[in-house]
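*Asks:* Pasted the sequence and its predicted model underneath.
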Amino acid sequence: MKILSGKIMNYKTLKIDNLDLFFNEIKKSGKNLLVPKKKGKTTYFSSFININDVEFNYIQTTISPKSALFPKVEELISFKKDDGTYVVTEPSIEKETIVFGLRPCDAVGLEYLSNFFLNEKSDFTVRLRKENTTLITLACKNFDENCFCTSVGLSPASIKGSDICLTDIGNGLFYAEIITDKGEKLIAEHSALFSNAEKINKESYVAQVPLKFDSDNLIKNIKNYYNSEKWTINSLPCLGCGACAFVCPTCTCFNIEDEANPVCGTRLRCWDSCAFGIFTLHASGHNPRPIQSNRWRHRVLHKFGYSVTNMDTLSCVGCGRCIRVCPAGMNIIEQILDLQEA
């Protein structure tokens, strides 16, 4: 065992053949278990049904697991008129959720996202979901040309943000690092499936993702790029579709919408994107970011500049989803390199 930030970190092994038992025990306990599944060319997180539905052979899921903490559409309050009096109801979030199979970069992304919503005035629903969610990451054995976690200070074996991190070490075994109290609790509930182990060096079992750019240099100099003509040139392909924000594990933009009549109604929080033309449109008609190059610049500056200033961390985890999903082929790695060269 190892002391990590004042806590005891345990090491276990889990037979891959026992995953089915592990999943079914979690399901029988009444918890919501989210696992990666494949539909066509898309890999996404969905509730566990049986082991044959679980996808293991993927670089990255198409959409991040951030909806476990920050749903695409969620009800904040509802009201109903009853005998002349309006009754207001807030949502109740009690069911415990286990997310299995997210990559280490996603766990870091969810840590950033939850810190964003819990900083200063804590967001009620995100806080409850965070408290009721346990993250089991799978260290990456493979990568593609769009992965750049090492360029933002992470690695395919990072444990930051994870409750349990599993690494395939061959011979039909997962090496399990139990990092938090939530991870310890889950392992204790299924202790018969796990065996004690000593700490090992995981590096030989995980992908070796090459550096694409120097993030320290980028952070240091990004404020000097503000007036660069590259923003206009590089943003020309952008369609303003918002796909990059919707697949990103750290994007936090949202809009509030009311659906109501005199008898009943709900207030909804829905994902939004700074790429949309009306995102910053004021009621007066003024728009401080009226053209796409302004909006693209804001997105990149937020990931590598504003979040560092405001939260002392990058808000890009190098997952590469924005590159894979962009219908116009925009590549944030290439654009960063272009800015630095300019």
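*Replies:* Perfect, thanks for sending it.
*Asks:* got a list of what the residue most central in space within the chain touches?
*Replies:* Note on the chain: the residue nearest the mean C-alpha position is residue 249, at 2.9 Å, using Cα atoms, centre = their mean. For residue 249, the contact set (Cβ atoms under 8 Å, 6 or more residues apart in numbering) comprises 64, 65, 66, 105, 106, 109, 110, 112, 113, 317, 319, 321. For every residue, glycine as well, the C-beta is placed using N, CA and C.
*Asks:* Also residue 110?
*Replies:* Neighbour list for residue 110: 65, 66, 68, 69, 102, 135, 161, 249 [criterion: Cβ under 8 Å, 6+ apart].
*Asks:* One more pass at 6 Å, please.
*Replies:* residue 161 (Cβ atoms under 6 Å, 6 or more residues apart in numbering).
*Asks:* And it, how close does it get to residue 319?
*Replies:* Distance check for residue 110 against residue 319: by Cβ to Cβ, to the nearest Å, it reads 11 Å.
*Asks:* repeat for residue 85
*Replies:* Using Cβ to Cβ, residue 85 is found at 48 Å from residue 319.
*Asks:* Give me the more crowded residue out of these two.
*Replies:* Remark: of residue 85 and residue 319, residue 319 carries more neighbours, 28 against 7, as counted by other Cβ atoms under 10 Å.
*Asks:* Give me the pLDDT value at residue 144.
*Replies:* pLDDT, residue 144: 97.
*Asks:* Surely it touches residue 59?
*Replies:* Yes - here residue 144 reaches residue 59: they are 5.1 Å apart, a contact under Cβ atoms under 6 Å.
*Asks:* Now for the protein: which helix has the highest residue count?
*Replies:* Criterion DSSP state H: the longest helix present in the chain is helix 104-118.
*Asks:* Report the buried residues of it.
*Replies:* Within helix 104-118, the residues that count as buried by 16 or more other Cβ atoms under 10 Å are 104-114, 116-117.
*Asks:* same thing with stretch 295-306?
*Replies:* 295, 296, 297, 298, 299, 300, 301, 302, 303, 304, 305.
*Asks:* Could you do stretch 61-80 as well?
*Replies:* Buried residues in stretch 61-80, counted by 16+ other Cβ under 10 Å: 61-71, 74, 78-79.
*Asks:* cool, and stretch 168-182?
*Replies:* 168, 169, 173, 174, 175, 176, 177, 178, 179, 180, 182.
*Asks:* got CSV for the residues you listed, with pLDDT, distance to residue 208 and secondary structure too?
*Replies:* Below are these laid out as CSV (pLDDT from 0 to 100; distance: Cβ to Cβ, whole Å; DSSP: H, G, I helix; E, B strand; the rest coil):
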residue, pLDDT, distance to residue 208, secondary structure
168, 97, 15, strand
169, 97, 16, strand
173, 97, 21, strand
174, 97, 20, strand
175, 97, 18, strand
176, 97, 22, strand
177, 97, 19, strand
178, 97, 25, strand
179, 96, 23, coil
180, 96, 27, coil
182, 96, 30, helix
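*Asks:* For residue 128, state which of those is nearest.
*Replies:* residue 182 (14.0 Å; Cβ to Cβ).
*Asks:* distance between the ends of stretch 221-233?
*Replies:* 20 Å (Cα to Cα, to the nearest Å).
*Asks:* where does it sit relative to the chain's centre, distance-wise?
*Replies:* Chain-centre distance of stretch 221-233: 27 Å, with Cα atoms, centre = their mean, to the nearest Å.
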